[in-house]
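Enquirer: My questions are about this predicted structure, shown below with the sequence.
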There are 2 protein chains.
Amino acid sequence: MDSLKQAIRERGEIINEDVLKVDSFLNHQIDWKLMLQAAQDIYEHFKHEKINKIVTIETSGIAPALYTAQLFDVPLVFLKKSKPSTMNQDIYQTNVHSFTKQIDYTLSGSSSYLNKEDHVLLIDDFLANGEACLGALNILKQAQASVAGIAVLIEKAHQKGHQRLLELGYEVYALARIDTMNSGVITFLEEES
Amino acid sequence: MDSLKQAIRERGEIINEDVLKVDSFLNHQIDWKLMLQAAQDIYEHFKHEKINKIVTIETSGIAPALYTAQLFDVPLVFLKKSKPSTMNQDIYQTNVHSFTKQIDYTLSGSSSYLNKEDHVLLIDDFLANGEACLGALNILKQAQASVAGIAVLIEKAHQKGHQRLLELGYEVYALARIDTMNSGVITFLEEES
């Protein structure tokens, strides 16, 4: 997706070879137009699927996932990174390790909104080692929901997340696949057709 | 806002006289159409203001705030409930106590995206005691941003948040003002014109 790659190049900040900061349009300030374009791209890719629910992980996945939910005209469910006091029955939970933030957290979702009738498109902002996605997929497996595919805005293709998800049989659609971030220069993998 | 009040009545869950659970359309599953309608209502109310940025607090404020940002055609900034490892310079911070969840947390925002040039509309999902809003206003004050007003989807009008914000001179626009939730029945305050 060209406009996303351009935003990454022009407005992203390379912290080191592994960490890209995109607080200017995705992770702190949100560029609504770019999120809408991302959702339109994701919708075009998956519109042949009979998706009845979009699922994402709080927080930065919500914006592109909301527009995608609008395009499919289905509800959005965001998985929570803690177990809130008012969401205490019939909860699916799993533990996730974040390599980026070096923390562990509990991911949770309610059986009231995720069940075996659901055919889900999972959307997240970043794919690196795949830990967050695998946690979300674990929740969806507990819910017996089927998964149409996984869409991520930015993939760090030199990390192993994509491959892990492919090996589990999932379709992964990444809008911008970063190959390397050496010496302050971002190179992207060519898009697969 | 009638459709929001209807959603609260029909799809909300009264946990006790003080706690309303709206996981079915706002706090876990998100009804995109209702969020768009909320944003349209907020936009109509504040469109005379020269707002150049929408600010919200993660997580549940993001959906209505994103649509509002689209209608104003301005960026959205969401304040974070923790200080992430990749957001470590020129950060405004304040401590917030949540009476609902009985926790304290650090709210933070970056000087890169909030400054004295900004005329901000603050949006949040709930207004109860006003602690989260006051925290956000503290961040905006540190940034020397001006505040056009505060819009919330659901106000618990029997709690003191609205009054505290009025006394500080802010305009508060609440789409659904809950008066009482006694005996499992929700009554709303009449809308002010």
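Expert: Arrived safely. Numbers count the residues shown, from 1 in each chain, chains lettered A, B, ... in the order given.
Enquirer: Pull the residues that contact the helix or strand encompassing residue A:136.
Expert: In this assignment (DSSP states H and E), residue A:136 forms part of helix A:131-142. Identification of contacts with helix A:131-142 by Cβ atoms under 8 Å, 6 or more residues apart in numbering or on different chains yields A:55, A:57, A:79, A:92-99, A:107-109, A:114, A:118, A:120, A:122, A:124, A:126-127, A:147, A:150, A:152, A:161, A:164-165, A:168, A:170. Glycine gets a C-beta too; all of them are placed from N, C-alpha and C.
Enquirer: any idea how far chain B is from the closest residue to residue A:152 other than its chain neighbours?
Expert: Excluding the flanking residues, the one nearest residue A:152 by Cβ to Cβ, 6 or more residues apart in numbering or on different chains is residue A:127, at 4.0 Å. As defined by Cβ to the nearest Cβ, to the nearest Å, residue A:127 lies at a distance of 16 Å from chain B.
Enquirer: For residue A:127, grab the count of nearby residues.
Expert: 25 (other Cβ atoms under 10 Å in any protein chain shown).
Enquirer: do residue A:105 as well
Expert: When neighbours are counted by other Cβ under 10 Å, residue A:105 comes out with 16.
Enquirer: near chain B, which residues of chain A?
Expert: A:15, A:19, A:21, A:23-24, A:28-33, A:35-36, A:58-59, A:62-63, A:66, A:69-70, A:75-78, A:80, A:84-87, A:100-102, A:109-110, A:112-113 (Cβ under 8 Å from any Cβ of the partner chain).
Enquirer: returning to what we had before: need the buried ones from the contacts of helix A:131-142 selected in ChimeraX.
Expert: Burial among these is assessed by 16 or more other Cβ atoms under 10 Å in any protein chain shown; the matching ChimeraX selection reads:
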select /A:55,57,79,92,94,96,98,107,108,109,114,118,120,122,124,126,127,147,150,152,161,164,165,170
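Enquirer: what bridges to the residue nearest the centre of chain A?
Expert: Central residue of chain A (Cα atoms, centre = their mean): residue A:124, 1.1 Å from the mean position. On the basis of DSSP bridges, residue A:124 takes part in beta bridges with residue A:152.
Enquirer: Quick check, it in contact with residue A:61.
Expert: Yes. Using Cβ atoms under 8 Å, residue A:124 is in contact with residue A:61, at 4.7 Å.
Enquirer: so who does the residue nearest to residue A:152 touch?
Expert: Counting by Cβ under 8 Å, 6+ apart, residue A:127 has contacts A:133, A:150, A:152, A:154-156, A:161-162, A:165, A:172, A:174.
Enquirer: Just those: which are in strands?
Expert: Among the contacts of residue A:127, the members found in strands (DSSP state E) are A:150, A:152, A:154-156, A:172, A:174.
Enquirer: max-length helix in chain A?
Expert: Secondary structure of chain A per DSSP state H: the longest helix is helix A:32-46.
Enquirer: Contacts for that helix next, please.
Expert: So helix A:32-46 is contacted by A:1, A:3-4, A:7, A:25-26, A:63-68, A:70-72, A:121, A:123, A:148-149, A:151, A:153, A:173, A:175, B:66, B:69-70, B:75-76 (Cβ under 8 Å, 6+ apart).
Enquirer: For ChimeraX, what selects the buried ones among these?
Expert: In ChimeraX syntax, the buried subset of these is picked out as below (16+ other Cβ under 10 Å):
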select /A:1,4,7,25,26,63,64,65,66,67,68,70,71,72,121,123,148,149,151,153,173,175 /B:66,69,70,75,76
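Enquirer: among the contacts of helix A:32-46, which are in strands?
Expert: Per DSSP E, these map to strands at A:121, A:123, A:148-149, A:151, A:153, A:173, A:175, B:76.
Enquirer: Farthest-apart pair in those, please.
Expert: A:148 and B:76 (27.7 Å; Cβ to Cβ).
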